[in-house]
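Engineer: Structure, please.
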Amino acid sequence: MSKPHTITAIDIGTGSVKAIIATPEDSGFRVLGMAENMSSGIRKGVVSDTEKVSKMIANTIEEASRESDCSVGEVYANINGGHIFSTSSRGIVSVSRADQNISQEDVDRVIEAAKAFSLPSNREILEVVPREFVIDKEGGIKDPLGLKGVRLESDIVAISGFARYSKDLKQAILDAGFQVNDLVLGPLASGRAVLTQEEKELGVAVIDIGAATTSLAVFEEGDVLYTCVLPVGMNNLRNDIAIGLQVDIETAELIKNKFGVSVINEKKAKKEKIKTSEGDDISFQRSELRKIVEARMTEVFNEINSELKKISRKANLPAGVVLTGGGANTCGLVDFAKKKMELNCRIGHARRFSPLDDDPSFSVLCGLVLYGFEMEEEEGGVIEMRSLRFLWQKIKKIFRVFIP
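Structural biologist: Prediction:
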């Protein structure tokens, strides 16, 4: 019996490294193997120790491979960190064909023209997303191939970052013994997994809350409009609790997980007891915890609102906000986000991924699998078309022999 076609995805985060191996089914995807390990050598979403990260990647994928009974040679991975930023740009070219039919070459040229903006030498373009094409001043065109025109323009969103960070990430994966099929920005992968097409059309923000970073991607008219990564996550809240309540990090993590953001809406002063990781009982006032949590989470969502204000989307997204990532599980976060952002809010889970449908911490991985599957399907189609053309050319040559 032949083994199923599989796609391997790895999410390299500050808090943990996760991997899944999945195969497509009629109703979605089935996860054959998965693994998760504590992270080491990652700081604020970027590689700080290539050797440590490489070992973690090798161990995590090996565990997932054993569970799935599938060998792994290639992976799709996420890239993250505060160095990521997006830029809107426009390119203009003249249509090259005499009959004015727009060809793939014209599309490629106009996107290259849009990419020709100034970047510091230590930065590189990681991904380009065409938002619309304009033919002879007629805009709103998503696919210009085959249409007629004299002048072709393109509006793109170019996602860029420090070249050194993406190079270190690729090297860590290569040193672990795996080829890198592609690096995909974390919130774009999450958006692919948790958003509906209708939400993307109307206007929606996906907020992926991790241990040390919070990633934002805004979608509108079906495509990404804006993205950024903020260097703050749920570890910052844990650290604030440790300092404010004078407890160790492990106990602060327990308090964060138990009470979350829900304490913000409480007005009564109440004393709480919790057992530490060492078995001791400690007590604290809920009012003190409330002040700590409210201050940190208000700061996070104020920063998100500031980013949305830059693109005139603050409190102006018809499909609202979708929270995902491990931090989305924080108790009371949805109500808090709804209040601070003045928008509808829900938790985003990956759909059609058994058995990960209810866990937002795996949304990046599920998005990477979807991305990988679509890429391989597209490449397979291109290869198939080339093979058919080659076969047709051979057939024509054979039959020319019989033509007088």
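Engineer: Go ahead and confirm Ile92 touches Ile111.
Structural biologist: No. Judged on C-beta atoms under 8 Å, Ile92 makes no contact with Ile111 at a distance of 11.4 Å. (Each C-beta comes from the backbone N, C-alpha and C, glycine too.)
Engineer: higher neighbour count, the two?
Structural biologist: Neighbours were counted for Ile92 and for Ile111 using other C-beta atoms under 10 Å; Ile111 has more, 18 against 12.
Engineer: Angles on the backbone of that one, please.
Structural biologist: Dihedral pair for Ile111: phi -70, psi -40, per degrees, to the nearest 10.
Engineer: What's the separation between it and Asn181?
Structural biologist: 21 Å (C-beta to C-beta, to the nearest Å).
Engineer: Please apply the same query to Glu220.
Structural biologist: 28 Å.
Engineer: and the residue nearest to Met234 when sequence neighbours are not counted, how many neighbours?
Structural biologist: Closest residue to Met234 apart from its sequence neighbours, by C-beta to C-beta, 6 or more residues apart in numbering: Gly327 at 4.4 Å. Using other C-beta under 10 Å, Gly327 is surrounded by 25 other residues.
Engineer: for the one 10 residues further on, same thing?
Structural biologist: Ala337 sits with 26 neighbouring residues when counted by other C-beta under 10 Å.
Engineer: Could I get the buried residue list for stretch 331-339?
Structural biologist: Within stretch 331-339, the residues that count as buried by 16 or more other C-beta atoms under 10 Å are 332-334, 336-338.
Engineer: repeat for stretch 160-174
Structural biologist: Neighbour-count burial for stretch 160-174, counted by 16+ other C-beta under 10 Å, picks out 160-163, 165-166, 168-170, 172-173.
Engineer: Same check on stretch 310-323?
Structural biologist: Neighbour-count burial for stretch 310-323 [16+ other C-beta under 10 Å]: 313-314, 317, 319-323.
Engineer: which residues sit in contact with Val134?
Structural biologist: By C-beta atoms under 8 Å, 6 or more residues apart in numbering, Val134 lies in contact with 141, 152-155.
Engineer: out of those, who has the most neighbours?
Structural biologist: Neighbour-wise, these (other C-beta under 10 Å) top out at Ser154, 26 neighbours.
Engineer: what about it, which helix or strand?
Structural biologist: strand 151-162 (DSSP states H and E).
Engineer: where are the low-confidence patches of this protein?
Structural biologist: The chain contains residues with pLDDT under 70 at 1-3, 268-269, 379-404.
Engineer: Domain-wise, how is it divided?
Structural biologist: 85-163, 208-347 (automatic domain parsing).
Engineer: Out of these, which one sits most buried?
Structural biologist: domain 208-347 (a mean of 18; mean count of other C-beta atoms under 10 Å).
Engineer: So what would you say the end-to-end distance of it is?
Structural biologist: 10 Å (C-alpha to C-alpha, to the nearest Å).
Engineer: and if you look at stretch 342-360?
Structural biologist: End-to-end for stretch 342-360, by C-alpha to C-alpha: 22 Å.
Engineer: And the contacts of it?
Structural biologist: Stretch 342-360 is touched from outside by 20, 22, 27-31, 34, 190, 193-195, 205-206, 315, 317, 319-326, 328-329, 334, 337-338, 362-363, 365-367, 369, with contacts defined as C-beta under 8 Å, 6+ apart.
Engineer: quick one: which of these sit in strands?
Structural biologist: Mapping those onto strands (DSSP state E) picks out 20, 22, 28-31, 34, 205-206, 321-324.
Engineer: Just checking: what are the partner strands of the helix or strand harbouring Phe133?
Structural biologist: Assigned by DSSP H and E, Phe133 belongs to strand 123-135. Sheet pairing for strand 123-135, assigned by DSSP bridges, gives strand 138-141 (antiparallel), strand 151-162 (antiparallel).
Engineer: would you list these in a markdown table and tack on distance to Ser88?
Structural biologist: Converted to a markdown table, the strands paired with strand 123-135 look like this (distance: least, C-beta to C-beta, whole Å):
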| stretch | distance to Ser88 |
| --- | --- |
| strand 138-141 | 14 |
| strand 151-162 | 6 |
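Engineer: Keeping just the C-alphas, turn stretch 42-51 into CSV.
Structural biologist: Provided in CSV are the C-alpha atoms of stretch 42-51 (Å, rounded to 0.1, in the frame of the first residue of the first chain):
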residue,chain,number,x,y,z
ILE,A,42,14.6,32.2,19.7
ARG,A,43,14.3,35.8,21.0
LYS,A,44,11.3,38.0,20.1
GLY,A,45,10.4,35.7,17.2
VAL,A,46,13.9,35.6,15.5
VAL,A,47,16.8,33.1,15.7
SER,A,48,19.4,34.1,18.2
ASP,A,49,21.3,30.8,18.4
THR,A,50,21.3,28.8,15.1
GLU,A,51,22.7,25.7,16.6
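Engineer: mind listing what's buried in that stretch?
Structural biologist: Buried residues in stretch 42-51 (16+ other C-beta under 10 Å): 42, 44-47, 50.
Engineer: from the residues you listed, which two are the most distant?
Structural biologist: Using C-beta to C-beta, the two most remote members of the buried residues of stretch 42-51 are Lys44 and Thr50, lying 15.8 Å apart.
Engineer: circling back to that earlier point, which one among the buried residues of stretch 331-339 gets closest to Ala9?
Structural biologist: Leu333 (25.2 Å).
Engineer: Who are the contact partners of the closest one?
Structural biologist: Contacts of Leu333 (C-beta under 8 Å, 6+ apart): 209, 260-261, 297, 323, 327.
Engineer: Helices - which of these land there?
Structural biologist: Met297 (DSSP state H).
Engineer: Pipe the contacts of Leu333 into CSV and attach distance to Asp240 per row.
Structural biologist: Output for these, formatted as CSV (distance: C-beta to C-beta, whole Å):
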residue, distance to Asp240
Ile209, 15
Gly260, 13
Val261, 13
Met297, 10
Leu323, 20
Gly327, 14
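Engineer: which among the contacts of Val134 gets closest to Ser71?
Structural biologist: Of these, the one sitting nearest to Ser71 (C-beta to C-beta) turns out to be Ser154, at 40.8 Å.
Engineer: Thanks a lot, catch you later.
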